[in-house]
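K.L.:
Here's my sequence, what's the structure:
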Amino acid sequence: LSADILASVRRDGVFASSAAFVGVFLVVLGLFRFTRTTLLVMGTLVVGVAWLGAFAIMTGVKVNFANFIAFPITFGIGVDYAVNVMSRFQSDGSRDVRPAIRATGGAVALCSVTTVVGYSSLLLAENQALFLFGLLAVLGEIVCLVAGVLLLPAVLTLTSKARTAQAG
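P.N.:
Residues are numbered from 1 along each chain as shown. Okay, the predicted model is just below:
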């Protein structure tokens with residue numbers, strides 16, 4: 001039974017994760033069309049999920065049938081932070097990311113904190129599978145928040161400065 005479950009997770013986990021990623025990409029594509037913005041938002045998500053994967057590998061957390069779903073869930077929830085920051089940046093004229101972070105950073109962080117609180121309840125579970133799902137979900141939230149509120153604005157600042165230097 002365990003071998004069958006593991007085989008199913010390997011097969012269906014990849015499919016579920018791929019489908020979730022493609023779905024998220026299509027939504028972002030619908031919001032921003034296929035522009036540099038789409039690539040920056042999706043790149044921010046990919047970096048956040050890569051950080052989550054790196055953490056799982058470094059700490060020896062085994063991805064199994066009970067916790068692999070944290071990755072597709074992180075795709076859907078984690079992209080929201082970069083989308084909100086980028087949308088505000090664009091509505092402010094795409095010149096300076098600081099007003100966008102001032103306007104959205106607190107709300108994005110509060111949204112993430114409420115989700116982290118919910119997932120953190122799983123950290124109290126005696127069941128190891130639920131505990132590890134909660135751990136991966138909480139970490140997914142944190143890394144995507146950091147990517148969306150710190151990394152994305154840093155990249156936008158650097159690219160804005162590079163464009164200003166080229167224009168000048």
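K.L.:
Give me the contacts around stretch 43-60.
P.N.:
Identification of contacts with stretch 43-60 by Cβ atoms under 8 Å, 6 or more residues apart in numbering yields 24, 61, 63, 70-71, 74-75, 78-79, 81-82, 136, 139-140, 143-144, 146-148, 151-152, 155. Quick note: C-beta positions are derived from backbone N, CA and C, even for glycine.
K.L.:
and that stretch, how far out from the chain's middle?
P.N.:
Centre-to-centre, stretch 43-60 and its host chain are 10 Å apart (Cα atoms, centre = their mean, to the nearest Å).
K.L.:
Likewise for stretch 23-41?
P.N.:
Put simply, stretch 23-41 sits 14 Å off its chain's centre (Cα atoms, centre = their mean).
K.L.:
What residues sit buried inside it?
P.N.:
Buried positions in stretch 23-41, judged by neighbour count with 16 or more other Cβ atoms under 10 Å: Val24, Phe25, Val28, Phe32, Thr37, Thr38, Leu40, Val41.
K.L.:
Same check on stretch 126-146?
P.N.:
Quick answer for stretch 126-146 (16+ other Cβ under 10 Å): 130-146.
K.L.:
now do stretch 63-73
P.N.:
Buried residues in stretch 63-73 (16+ other Cβ under 10 Å): Val63, Asn64, Ala66, Asn67, Phe68, Ile69, Ala70, Phe71, Pro72, Ile73.
K.L.:
Now Asn83: closest residue in space, sequence neighbours ignored.
P.N.:
Careful, residue 83 is Val; it's not Asn. Spatial nearest neighbour of Val83, excluding adjacent residues (Cβ to Cβ, 6 or more residues apart in numbering): Val41 at 5.8 Å.
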